[in-house]
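Peer 1: Below are the sequence and a predicted model for it; my questions follow.
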Amino acid sequence: MENLEKIRKIKEVFNSLDVNFAREMEENVDLQYFVLKNLKKSIKSDEIFIKLILINSLVSYQLGTTGELWWKEFSDYWSKHDFEPSNLLKEYIKFLRGSKGNKRLLDTKTKRIEKIFPFLNGLTIQNFEDYYQNMEYLLLKISKELNSKKESKTIVFAVKMFGYAGRIVFNKFIPYPMEIQIPKDSRIENYTKKLTDEDPVVFWGKISKESNIPPLHLDSIIWPALGRNFDNKSLLNTFGKKSELVFKLVDI
Ligand SMILES: Nc1nc2[nH]c(O)nc2c(=O)[nH]1
């Protein structure tokens with residue numbers, strides 16, 4: 001079943017937006033970006049900053065709280081917690097096991113981190129700069145290391161958060177590749193159900209091609225808008241009249 005009128009509105013909105021609009025949403029509206037920028041001020045090593053973000057992304061599922069609050073908990077903890085870099089794995093597992101917002105499937109999540117850690121641990125800041133230029137290759141490497149599909153939610157989401165980390169560390173905006181799919185979390189799934197029975201990855205893949213906005217950047221427009229963690233005034237200040245488009249998306 002398709003709601004043709006709602007799909008028409010969605011297409012109208014996204015066909016009038018572009019990657020720059022998504023970038024503004026990321027940098028001015030998404031609380032996840034804001035807390036990562038704050039965290040960067042407290043972590044001396046850029047390499048550790050990026051590794052922490054990748055590890056945290058890969059266990060960001062089945063949360064007991066919103067994604068925004070989970071990333072705030074992560075940022076607050078590591079802003080205050082100094083540690084010896086060689087203890088990163090042990091220290092991260094301690095954080096995860098004591099966290100408030102991420103209490104489910106802790107054994108599975110711990111095993112996942114232990115599995116990816118040897119790959120991440122060997123990476124230097126130069127490797128991260130290279131991966132920032134080629135995020136599709138990073139996606140491939142992580143999915144291979146974890147024996148997971150390239151479309152699975154946490155893998156594509158890890159690349160989204162890596163893109164945020166890369167932008168903050170290297171002070172340069174590189175758009176996400178068109179080939180990386182939208183992270184299919186419950187917020188995106190429930191929203192897509194209002195429009196179509198089609199798989200969200202397929203549906204948003206088509207919207208992406210038509211609007212020429214990469215799926216991860218579409219996610220950056222939809223996801224914070226649906227989270228409603230912004231005040232209308234700051235949205236108006238950032239986007240002026242175009243902020244109406246965000247309200248239109250939320251109201252569908
Ligand atoms: N689709 C998305 N899912 C998410 N989960 C989470 O914690 N953050 C996000 C996100 O930005 N997009």
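Peer 2: Perfect, I can see it now. Residues are numbered from 1 along each chain as shown.
Peer 1: what does the stretch 1-150 of the chain have sitting close to the ligand?
Peer 2: 32, 60, 67, 70 (CB under 6 Å from any ligand atom). Using the backbone N, CA and C atoms, a C-beta is placed for each residue, glycine as well.
Peer 1: Neighbour-wise, which one of those leads?
Peer 2: Counting neighbours by other CB atoms under 10 Å, Gln32 comes out on top of those with 26 neighbours.
Peer 1: Compute the number of surrounding residues for the closest residue to Ile48 other than its chain neighbours.
Peer 2: In this structure, Ile48 finds its nearest non-sequential neighbour in Pro85, 5.6 Å apart by CB to CB, 6 or more residues apart in numbering. The number of residues packed near Pro85 is 12, by other CB under 10 Å.
Peer 1: try Ser211
Peer 2: 19.
Peer 1: now the residue lying closest to it once chain neighbours are set aside: how far from the ligand?
Peer 2: Counting by CB to CB, 6+ apart, the nearest residue to Ser211 once its immediate chain neighbours are dropped is Phe14, at 4.0 Å. For Phe14, the distance to the ligand (CB to the nearest ligand atom, to the nearest Å) stands at 16 Å.
Peer 1: What separation is there between Phe14 and Phe247?
Peer 2: Look at Phe14 and Phe247: by CB to CB, to the nearest Å, they are 15 Å apart.
Peer 1: same thing with Leu69?
Peer 2: Distance, Leu69 to Phe247, using CB to CB: 23 Å.
Peer 1: ok so, going back, just confirm the residue nearest to Ile48 contacts Asp46, I think it does.
Peer 2: No: counting by CB atoms under 8 Å, Asp46 is not a contact partner of Pro85; they are 11.7 Å apart.
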